[in-house]
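> Structure for the following, please:
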Amino acid sequence: MTGRLAGKVTLISGTGGGQGRAAALRFAAEGALIFGCDISADGQRETIELVRAARGIMQGLEGAADIACSAGASAWVDAALAEYGRIDILYNNASAAKFAPIEQMSDEDWHFTLRNEIDIVFFPTRAAWPHLARPGGVVINVGSTAGWAGSPGAGTLAHNATKGAVIAMTRQLAIEGAPHGIRAVSLSPGFVRTAGTAAFLEKPDIRAKLTARIPLGRPGEPEEIVAAAVFIASDEASFLTGTDLVVDGGSLAI
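Predicted coordinates for the structure are as follows:
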């Protein structure tokens, strides 16, 4: 097996589509052994088929997976250990959020976002932590530029709060992991083209507003975010920990 991640057992959440699917395909192409999960059982199965069609190695939980709770996260980690016997990389990619201005945000939407953007990082990391390769283990947490800056008119308060928390959690994980040789890095994308954003990008006026604050003048692609994650996970980044890598086309530079 060859590649920058050859033989590395990698748990990736949210592999049913979007950046999670792109991550599964790219990490497998780099030689990693993938174990995924997703709330969409159909999407997860399709990703497994795509990875295997490309001659990669991927397994995953059967059915819809809820890893934003202790039992679900532990079940995912235990299944991966049963399949591969160890964990080298944990890639906390999955997330979901509700958006509304503060005066319109319900209790339910606030707690939904906290659960699906903070709990969904904490519980899998806690479950995997004792089993991460020591030294050499890597935790990658997906943050967002929303953790660094507001978004005028977009109603992103809960999302800003959770992604800021993920970035802060990552710094603490780096401190706690360093004595064991475990690295932790967060990866913060800017605006990225996904199935969820495609409808907006098809409308010229909305696309113009969305890209106006991106110096490179376009949204990112999932593969561009995942390329940065490959570097973080690889031995090339062996001195990189406790930081946030922003991949945003320059939007935070404005």
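> okay, CA-based contacts and neighbour counts for the rest of this
OK.
> Tell me the secondary structure at I34.
Using DSSP: H, G, I helix; E, B strand; the rest coil, the three-state assignment for I34 comes out as strand.
> which residues pair with it across the strands?
T10, M58 (DSSP bridges).
> which helix in this structure runs the most residues?
Ranked by residue count, the top helix of the chain under DSSP state H comes out as helix 157-177.
> Flag the shaky bits of the protein, pLDDT-wise.
1 (pLDDT under 70).
> quick one, what contacts the residue sitting nearest the centre point of it?
Relative to the mean C-alpha position of the chain, the nearest C-alpha, by CA atoms, centre = their mean, is the one of N93, at 1.8 Å. Contacts here follow CA atoms under 8 Å, 6 or more residues apart in numbering; on that basis N93 touches I12, S13, G14, Q19, G20, N141, V142.
> Out of these, which comes closest to F191?
For F191, the closest of these turns out to be Q19, at 12.2 Å, with distances computed as CA to CA.
> ok but that closest one is inside a helix, no?
Yes. With the criterion set as three-state DSSP, the secondary structure at Q19 is a helix.
> Confirm for me that it is in contact with A227.
No. Here Q19 lies out of contact with A227, judged by CA atoms under 8 Å, at a distance of 10.7 Å.
> higher neighbour count, the two?
Taking neighbours as other CA atoms under 10 Å, Q19 and A227 compare with Q19 leading, 24 against 14.
> Return the residues in contact with the more buried one.
Neighbour list for Q19: N93, T194, P222, E223, I225, V226 [criterion: CA under 8 Å, 6+ apart].
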